[in-house]
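Participant: heads up, no residue letters with this:
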């Protein structure tokens, strides 16, 4: 998720880097995996763990990936080329498997066995397109612990028998007896509706069961004593609400700036909770931007989120969740205000996860 300035610089220096990419890659991988094997792959490992990926599946991926490479590139894939890329694949796969085994152990599950049946206790219609499902384990066992900002995978069986999986942030703090996911119905706008969100909105009611994974995700509060900025847009507010509830419960004293953008107050899911939880903190302020605001809404909070008028305290750690263009814009503004890139944390769901590396 590069800023425009950095993108231009990377493109300008790409030829020089490309000419030495072989030497750079060799040195890079040796240094990275010797010192910090989980830095590059940790986020992918969390996604894999929430899906129950097992070591045996890496063999399957390897077989079909390399068959596709050979078919597309043909004679260019010499034995030497195949051996080199095979080494790269298993180097990365080995690191992922190691991280995933550790994540499974932390949740007390056997590798890949992350799924449990959960009962829908209550269904709350937050807006016309957003519903909260409050859940508890169907077997009566305690709900697994999680950290504010983490997510679960939800698996549903569609009418055609296909099983589909999507990730949803947990929208209540860990101290709650129940677990809650807040789901926005994805409407196509010319393309098919989101299959899983449509199913959860139209087919799942209180008393029904859903298959839910153990919680994972690395967008978590690691700097709880620092000034914080929690920025979201649309349904991206869900992990921020979990964080706010936990901060209030644990007595966070440092400044907290809450930023949210939405189409209108009517589409702002859990708007009241967003404001009330912010108000429970001793030094916090909420700033909501709406493209179509109610009468009397401040003009400077109309349109898209603009941080130019907000002071950002020194040492602030920022957490972002929302559509990729929103996070790019907020991240660029924070960098311009002097917030180090290492102190800006974000979560990307769906296909945008790969675009975020551009």
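Facilitator: Perfect, thanks for sending it. Bear in mind that the values here come from a model prediction, so they are computed numbers and not experimental data.

Participant: Skip ahead from the strand ranked longest in the chain and say which helix or strand is next.
Facilitator: Ordering each strand of the chain by length in residues (DSSP state E) puts strand 116-127 first. Per DSSP states H and E, the first helix or strand lying C-terminal to strand 116-127 is strand 130-137.

Participant: Report the strands that pair with that next one, each with its relative direction.
Facilitator: Here strand 130-137 has these sheet partners by DSSP bridges: strand 116-127 (antiparallel), strand 179-184 (antiparallel).

Participant: Run through the helices of the protein in chain order.
Facilitator: Counting by DSSP state H, the chain forms helices over residues 4-19, 21-35, 42-51, 55-73, 79-107, 195-202, 237-250, 271-279, 324-336, 352-355, given from the N-terminal end onward.

Participant: nearest to residue 182, of those?
Facilitator: Set against residue 182 and scored by Cβ to Cβ, those come closest in helix 237-250, at 4.8 Å. For the C-beta atoms, the positions are set from N, CA and C on the backbone; glycine is no exception.

Participant: Flag every buried residue along that closest one.
Facilitator: Taking 16 or more other Cβ atoms under 10 Å as the neighbour-count basis, helix 237-250 is seen to contain the buried residues 237, 238, 239, 240, 241, 242, 243, 244, 245, 246, 247, 248.

Participant: Among these, which one lies nearest to residue 229?
Facilitator: After measuring those against residue 229 - Cβ to Cβ - the closest member comes out as residue 240, at 10.2 Å.

Participant: what about that closest one, distance to residue 133?
Facilitator: Relative to residue 133, residue 240 is positioned 19 Å away (Cβ to Cβ, to the nearest Å).

Participant: Flag the shaky bits of the stretch 101-250 of the chain, pLDDT-wise.
Facilitator: Scanning the stretch 101-250 of the chain for pLDDT under 70 picks out 188-192, 223-224.

Participant: Kindly recompute the last result at 80.
Facilitator: For the stretch 101-250 of the chain, applying pLDDT under 80 flags the ranges 172-177, 188-193, 222-224.

Participant: How about the stretch 251-358 of the chain?
Facilitator: Under the criterion of pLDDT under 80, the regions of the stretch 251-358 of the chain flagged as low confidence span 347-358.

Participant: can you pull out the strands in it?
Facilitator: Applying DSSP state E, counting those that start in this stretch to the stretch 251-358 of the chain gives strands spanning 256-262, 284-290, 317-321, 344-347.

Participant: Burial check on residue 227, number of neighbours?
Facilitator: Residue crowding around residue 227 was assessed by other Cβ atoms under 10 Å; the count is 17.

Participant: Domain boundaries for this structure, per the record?
Facilitator: As given by automatic domain parsing, the domain ranges for the chain are 20-107, 116-212, 228-355.

Participant: what's the closest of the ones you listed to residue 220?
Facilitator: Ranking the domains of the chain by their distance to residue 220 (criterion: Cβ to Cβ) puts domain 116-212 first, at 4.3 Å.

Participant: Just checking the distance from that closest one to the centre of its chain.
Facilitator: From the chain centre to the centre of domain 116-212 is a distance of 16 Å (Cα atoms, centre = their mean, to the nearest Å).

Participant: can you check stretch 228-247 too?
Facilitator: In this view, stretch 228-247 has its centroid 12 Å away from the chain centroid, taken as Cα atoms, centre = their mean.

Participant: any idea which of the strands paired with strand 130-137 is most buried?
Facilitator: For the strands paired with strand 130-137, the stretch with the most neighbours on average is strand 179-184, a mean of 23; neighbours defined as mean count of other Cβ atoms under 10 Å.
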